[in-house]
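Enquirer: Here is my input, please return the structure:
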Amino acid sequence: MMGRKDLPLVFYLLVATLICPAGRQALAQKVNAPTAALDPEVIDQAWREASSKYDAPRKEILEGVDRIGHAGPFRPDWQSLRGYKAPEWYRDAKFGIFIHWGMYSVPAFGNEWYPRNMYNQGTDEYKHHLATYGPPDKFGYKDFVSMFHAEHFDPAAWARLFKEAGAKYVVPVFEHHDGFAMYDSSLSDWTAAKMGPHRDLAGDLAKAVRAEGLHLGASSHRVEHNFFLGVGREISSDVNDPKFAALYGPAHVWLQAKNGTPVSNDFTYVSQEWADDWLARSADIVTKYKPEVVYFDWWIGQPSIRADLTRFAAFYYNASLQNGGSVGVINYKDYAMQEESGVLDIERGQLAAIRPLPWQTDTSVSNKSWGYIQNDTFKSPEFIVHQLIDVVSKNGNLLLNIGPRSDGTIPDEVQAILREVGAWLKLNGEAIYGTRPWIAYGEGPTQITAGSFHDTDTQPYTAEDFRFTSRGDVLYAIEMAWPAGRRALIHGLGTNGLAKSSRVQSVSLLGSDSKLSFEQRSDGLSIQLPEQAPGKFAYAFRITFDQPVK
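Expert: Numbering: from 1, shown residues only. The predicted model follows:
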């Protein structure tokens, strides 16, 4: 038996620190000390060790990814993936609901980047956190887990609301940049199924969404977690403690691309182990929940990730076909994917013209955040309807985000907005669902500013603004406001306009039983409207011609 004199000195120092309050404090300060200066390989190794208990299942999942990725019409290379075609159900759907709900809904301050900004000195989030919860070496992001209960979450009620809103697909965020999974991950302990709510929140919602006949999507922002908490290494915080590396991730320094340049200009340290883990987690979601849409944020275009992105795409597309459904949809940002290999997504923005390939706008009902925050402001139902119409006229879909509270309730104001949008779609959905672009997207004085983060730059639409959609030989001309004189004039449909080789045969107004008088003149199609407007926000004319418009 070893005697006391044989024990190393470090043992006595450790015992002393554990027994003595001052010693415990000194030890805590040491493990929380800044680590930003460490070699990134050392930092990455700490995350790998913290995640090593899942090495075997991760390896098994990756083997399945490569097996399925070579067992179907798609292979993991861009040349093969160019053969992708978005499924008809997605092109017909036009409108979906996006959901940012996570642990960041507990502090409900700033926006969904609170987990990063609370460690970033000088930010409002850092100041708020200090005043409300204390310094981040005493109360870190992990400590919000015990405050996240989702006690009022009713997935069936959510799904009914989304259906009432007129949505055809629902895309909950399965994991955001913060690294806390809202689903029952096979590769993490830090999940809502194992901590906090102790419930597979995404899984329960998936069942409810499908029970309402809606399509399920899944959004993963996991890849950005590689750097997301990196600012926590620059100060004394719990991000530096290896004990929490499985949650906080490698937390590398973000060597980000300059504004306006593709993410391929990003030079952040990314290990192959991290890329493999991202791929395995993404595949785990596909295997367990079989989403028909997978939404990725911009960082999948990072150079160190792109090769694994092709592996995921081939796996996901082949797997979706093997499951007996149509091919899946991958939403990507900017230049992350070859444009024919997935569906482009424009964040908080639109396009100025018709895009031949299907695309999507994602925006939030909130003006300030994607996740729930207190004292938020929201877009009006009219704004959302107008944006939906413009996007659809240009061959796109609108994915509208909401942010529920941490207790699982959706704010009443948000519910009211969704129901107003749904009421408009119930009346005018014929001009939206299942339509395709016409030979022009529309006409009128109001122009949008194309590109991401410009959606609120658009000026209010007028009664002179029209957007066109079509189904077969039927044209829908949607007037964006009710004309003061109750007379609509569509210049492009005049005898010298876009349809000059065809003559207008009939005109009706969706939602109205009134018989409309009209005249096709050289300066446009003049339509006399009824005294009472059907509904509000925008008004859809159903127009047929004596022969197909060429």
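
Enquirer: who touches the closest residue in space to residue 499 that isn't next to it in sequence in this structure?
Expert: In space, and not counting its chain neighbours, residue 499 is closest to residue 549: 4.7 Å by Cβ to Cβ, 6 or more residues apart in numbering. Bear in mind the C-beta positions are built from the backbone N, C-alpha and C, glycine included. Contacts here follow Cβ atoms under 8 Å, 6 or more residues apart in numbering; on that basis residue 549 touches 438, 439, 473, 475, 498, 499, 501, 502.

Enquirer: Next one: the closest residue to residue 272 other than its chain neighbours from residue 274, what distance?
Expert: In this structure, residue 272 finds its nearest non-sequential neighbour in residue 304, 7.9 Å apart by Cβ to Cβ, 6+ apart. Residue 304 is 8 Å from residue 274, where distance means Cβ to Cβ, to the nearest Å.

Enquirer: likewise residue 507?
Expert: Counting by Cβ to Cβ - residue 507 and residue 274 are separated by 59 Å.

Enquirer: pretty sure residue 81 is touching residue 312, no?
Expert: No: Residue 81 lies out of contact with residue 312 (Cβ atoms under 8 Å); the separation is 10.5 Å.

Enquirer: if you count what's nearby, which of those two comes out ahead?
Expert: Neighbours per residue (other Cβ atoms under 10 Å) separate residue 81 from residue 312, with residue 312 holding more: 24 against 21.

Enquirer: centre of the chain versus whichever helix or strand the more buried one is part of, how much separation?
Expert: Residue 312 belongs to helix 303-322 when assigned by DSSP states H and E. Centroid separation for helix 303-322 versus its chain: 19 Å, with Cα atoms, centre = their mean, to the nearest Å.

Enquirer: Can I get that helix in CSV? Just the C-alpha atoms.
Expert: Provided in CSV are the C-alpha atoms of helix 303-322 (Å, rounded to 0.1, in the frame of the first residue of the first chain):
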residue,chain,number,x,y,z
PRO,A,303,-13.8,25.8,-48.2
SER,A,304,-13.1,23.1,-45.5
ILE,A,305,-16.8,22.0,-45.6
ARG,A,306,-17.6,21.9,-49.3
ALA,A,307,-16.2,18.4,-50.0
ASP,A,308,-18.4,17.0,-47.2
LEU,A,309,-21.3,19.0,-48.5
THR,A,310,-21.2,17.0,-51.7
ARG,A,311,-21.2,13.8,-49.5
PHE,A,312,-24.3,15.0,-47.6
ALA,A,313,-26.1,16.1,-50.8
ALA,A,314,-25.6,12.7,-52.5
PHE,A,315,-26.6,10.9,-49.3
TYR,A,316,-29.7,13.0,-48.7
TYR,A,317,-31.0,12.9,-52.2
ASN,A,318,-30.5,9.2,-52.6
ALA,A,319,-31.9,8.5,-49.2
SER,A,320,-35.0,10.5,-49.8
LEU,A,321,-35.7,8.5,-53.0
GLN,A,322,-35.0,5.3,-51.2
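
Enquirer: What are the boundaries of the helices in the stretch 151-300 of the chain?
Expert: 155-164, 201-211, 225-228, 245-248, 272-289 (DSSP state H, counting those that start in this stretch).

Enquirer: Nearest approach to residue 427 belongs to which of those helices?
Expert: Across the helices of the stretch 151-300 of the chain, residue 427 has its closest neighbour in helix 155-164 (13.6 Å, Cβ to Cβ).

Enquirer: Show me which positions of the closest one end up buried.
Expert: Buried residues in helix 155-164, defined by neighbour count with 16 or more other Cβ atoms under 10 Å: 155, 158, 159, 161, 162, 163, 164.

Enquirer: Other residues contacting it?
Expert: Outside helix 155-164, the residues within contact range by Cβ under 8 Å, 6+ apart are 97, 170, 204-205, 207-209, 211-214, 404, 410, 415, 418-419, 422.

Enquirer: sorry, back to before: could you identify the buried members of the contacts of residue 549?
Expert: 438, 475, 498, 499, 502.

Enquirer: what's near enough to touch the third one?
Expert: It stands for residue 498. 439, 440, 492, 549.

Enquirer: Same check on the first one?
Expert: When contacts are counted by Cβ under 8 Å, 6+ apart, residue 438 is found next to 393, 468, 469, 470, 475, 549.

Enquirer: Then residue 360?
Expert: So residue 360 contacts 331, 343, 344, 345, 346, 391, 396, 397, 398, 399 (Cβ under 8 Å, 6+ apart).

Enquirer: just to revisit the earlier point, looking at the buried residues of helix 155-164, spot the one nearest residue 265.
Expert: Nearest to residue 265, judged by Cβ to Cβ, of the buried residues of helix 155-164 is residue 162 at 37.5 Å.

Enquirer: Most tightly packed of the helices of the stretch 151-300 of the chain?
Expert: Greatest average neighbour count among the helices of the stretch 151-300 of the chain goes to helix 225-228 (a mean of 26), per mean count of other Cβ atoms under 10 Å.

Enquirer: average pLDDT for it?
Expert: Averaged across helix 225-228, pLDDT comes to 98.

Enquirer: oh, and call the first residue 31 from now on, that's how I've got it
Expert: Sure, I'll start numbering at 31, so the last one becomes helix 255-258.

Enquirer: Residue 499 falls within a helix, correct?
Expert: No: applying DSSP: H, G, I helix; E, B strand; the rest coil, one finds residue 499 to be strand, outside a helix.

Enquirer: my read: it touches residue 424, true?
Expert: No: using Cβ under 8 Å, residue 499 is not in contact with residue 424, being 9.8 Å away.

Enquirer: So which of those two has more stuff around it?
Expert: Shown here are residue 499 and residue 424; by other Cβ under 10 Å, residue 499 has more neighbours (27 against 21).

Enquirer: got a list of what that one touches?
Expert: 422, 423, 461, 462, 465, 466, 467, 468, 505, 506, 508.

Enquirer: Please state the offset of stretch 221-229 from the chain centre?
Expert: For stretch 221-229, the distance to the chain centre is 22 Å (Cα atoms, centre = their mean).

Enquirer: residues in contact with that stretch?
Expert: For stretch 221-229, contacts defined as Cβ under 8 Å, 6+ apart pick out 133, 175-176, 178-181, 183, 210-215, 219, 230-233.

Enquirer: Skipping adjacent residues, who's closest to residue 307 in space?
Expert: In space, residue 307 is closest to residue 88, 6.4 Å off (Cβ to Cβ, 6+ apart).

Enquirer: counting contacts, what elements does the helix or strand encompassing that neighbour pack onto?
Expert: Element membership of residue 88, judged by DSSP H and E, is helix 85-99. Under the contact criterion of 3 or more Cβ pairs under 8 Å, 6 or more residues apart in numbering; DSSP states H and E, helix 85-99 touches helix 302-319, helix 333-352.

Enquirer: Format these as JSON lines; extra columns: mean pLDDT and distance to residue 567.
Expert: Converted to JSON lines, the helices and strands packed on helix 85-99 look like this (pLDDT from 0 to 100; distance: least, Cβ to Cβ, whole Å):
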{"stretch": "helix 302-319", "mean pLDDT": "98", "distance to residue 567": "35"}
{"stretch": "helix 333-352", "mean pLDDT": "97", "distance to residue 567": "36"}
